[in-house]
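Enquirer: this is a predicted model, with the sequence first.
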Amino acid sequence: MRNKVTIVGAGNVGATTAHWLAAKELADIVLIDIVEGVPQGKALDLLESLPVEGADVSVTGSNDYAETADSDVVVVTAGFPRKPGMSRDDLLKANADIVGAATEQVVKHSPSAVLIVVTNPLDAMCEVARMKSGFPRERLLGMAGVLDSARFAAFIAAELKVSVDNVQAFVLGGHGDQMVPLPRYSTVAGIPITELLDVQAIQRLVKRTAGGGGEIVALLKTGSAYYAPARAITEMVDAILKDKHKILPCAALLRGEYGIKDLFIGVPCKLGAGGLEQVITITLTAEEEKALNKSAAAVRELVDVVHAQAQSR
Ligand code: APR
């Protein structure tokens, strides 16, 4: 029997993720959206592309969560994308309601699924999903690190004029302007980029990575990035469905790792069939630790708003 993946939110990120998952023949796919006709239309269009590709999966669209029953993985992309001039943090309250409502429905129909949250502000939306789902941390992850690392890797490859295949980039921390790209663990053919680029060049690439989402928003003007986010989600889904034990940077609920407790933040995670198998801890320099703590403090501020919003209900 094929695996089943539900994607909540049939907008740019959701539909593009469905495209990758279907093309890779990873699972049967259900697209859910609040707008009538959109998930159905996009699903049908995608389904009609699959004979050309030769991919045998089903793709359905619906406004009814009953269709999502017994999904192995559920990806939540529902929400408003960031508009120009709007920080990820401005999105907080609006998207908390949407992610909360979606999570309730998802959990009702797929109580054993691994939930991947994508809606921004990411780390805080993971906390919303945790509160609504009661899922253990093993089955609740946020997608940000694969995307942020991919951006860093793309910039490193372009700067050094090398194949993207040679680059392994490493980003820690929250998915915000305070994220922590780690040059000393970012390598080209195994060589740390600190050996290949000067400090100024690295700082420039790090800054561009941290502002990577905003750079796309400023260009698009009417939405936010979706090609790279969708490919990054696909990488996490692939690692889970194929039980790969693959280490990918994801937002996970920390329980004291890196000196951080009860907060979702981006760290290297080993992913397999059950979702999160292990948080990998590495030793940080004093400077890196300071940057991570600063990023965690920014996430905690948003989480405090989420908790206050929940209590006022
Ligand atoms: N239930 C289901 N779907 C919803 C709901 C809801 N309550 N509210 C909104 N949606 C749907 C919208 O109808 C829309 O189709 O979510 C979709 C969002 O799609 P886009 O507006 O295209 O946004 P997208 O670019 O996909 O980004 C979605 O992912 O990367 C993050 O920051 C991004 O938070 C944003 C999210």
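Expert: Everything's here; your move.
Enquirer: can you pull the residues of the protein lying near the ligand?
Expert: 8-14, 32-35, 38, 77-79, 81-82, 95, 98, 101-102, 118-120, 223-224, 226, 229 (Cβ under 6 Å from any ligand atom). No exception for glycine: its C-beta is placed from N, CA and C like everyone else's.
Enquirer: looking at those, which are in helices?
Expert: Of those, the ones assigned to helices by DSSP state H are Asn12, Val13, Gly14, Val38, Asn95, Ile98, Ala101, Ala102, Pro229.
Enquirer: pull out the buried members of those.
Expert: Applying 16 or more other Cβ atoms under 10 Å to these, the neighbour count classes Asn12, Val13, Gly14, Val38, Asn95, Ile98, Ala102, Pro229 as buried.
Enquirer: where in the stretch 1-150 of the chain is pLDDT low?
Expert: The stretch 1-150 of the chain contains residues with pLDDT under 70 at 82-84, 86-89.
Enquirer: chain neighbours aside, what residue packs nearest to the residue in it positioned nearest to the ligand?
Expert: Going by Cβ to the nearest ligand atom, the ligand is nearest to Gly11 of the stretch 1-150 of the chain, at 1.7 Å. Among residues not flanking Gly11 along the chain, Thr77 sits closest, at 6.7 Å (Cβ to Cβ, 6 or more residues apart in numbering).
Enquirer: could you pull up the contacting residues of the one you found?
Expert: Thr77 sits next to Ile7, Val8, Gly9, Gly11, Val13, Gly14, Thr17, Val118, Thr119, Ile233 when contact means Cβ atoms under 8 Å, 6 or more residues apart in numbering.
Enquirer: so the fifth one is in contact with Arg231, correct?
Expert: No - using Cβ atoms under 8 Å, Val13 makes no contact with Arg231, being 10.5 Å away.
Enquirer: in the stretch 101-250 of the chain, which spans are strands?
Expert: 114-117, 140-142, 167-168, 171-172, 180-181, 187-188, 191-192, 246-255 (DSSP state E, counting those that start in this stretch).
Enquirer: give me the contacts around the fifth one.
Expert: Strand 180-181 is contacted from outside by 148, 152, 169-173, 205-206, 209-210, 288, 291-292, 295, using Cβ under 8 Å, 6+ apart.
Enquirer: cool, and the fourth one?
Expert: For strand 171-172, the external contacting residues (Cβ under 8 Å, 6+ apart) are 145, 148-149, 152, 179-182, 209, 249, 265-268, 288, 292, 295.
Enquirer: give me the subset of those residues lying in helices.
Expert: Per DSSP H, the subset of those in helices is Gly145, Asp148, Ser149, Phe152, Thr209, Glu288, Leu292, Ser295.
Enquirer: how about CSV for those residues, with neighbour count added?
Expert: Rendered in CSV, the data for the ones in helices among the contacts of strand 171-172 read as follows (neighbours: other Cβ atoms under 10 Å):
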residue, neighbour count
Gly145, 28
Asp148, 28
Ser149, 26
Phe152, 27
Thr209, 24
Glu288, 19
Leu292, 24
Ser295, 24
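Enquirer: can I assume Ile240 is in contact with Glu138?
Expert: No - in this structure, Ile240 is not within contact of Glu138 by Cβ under 8 Å, at 10.7 Å.
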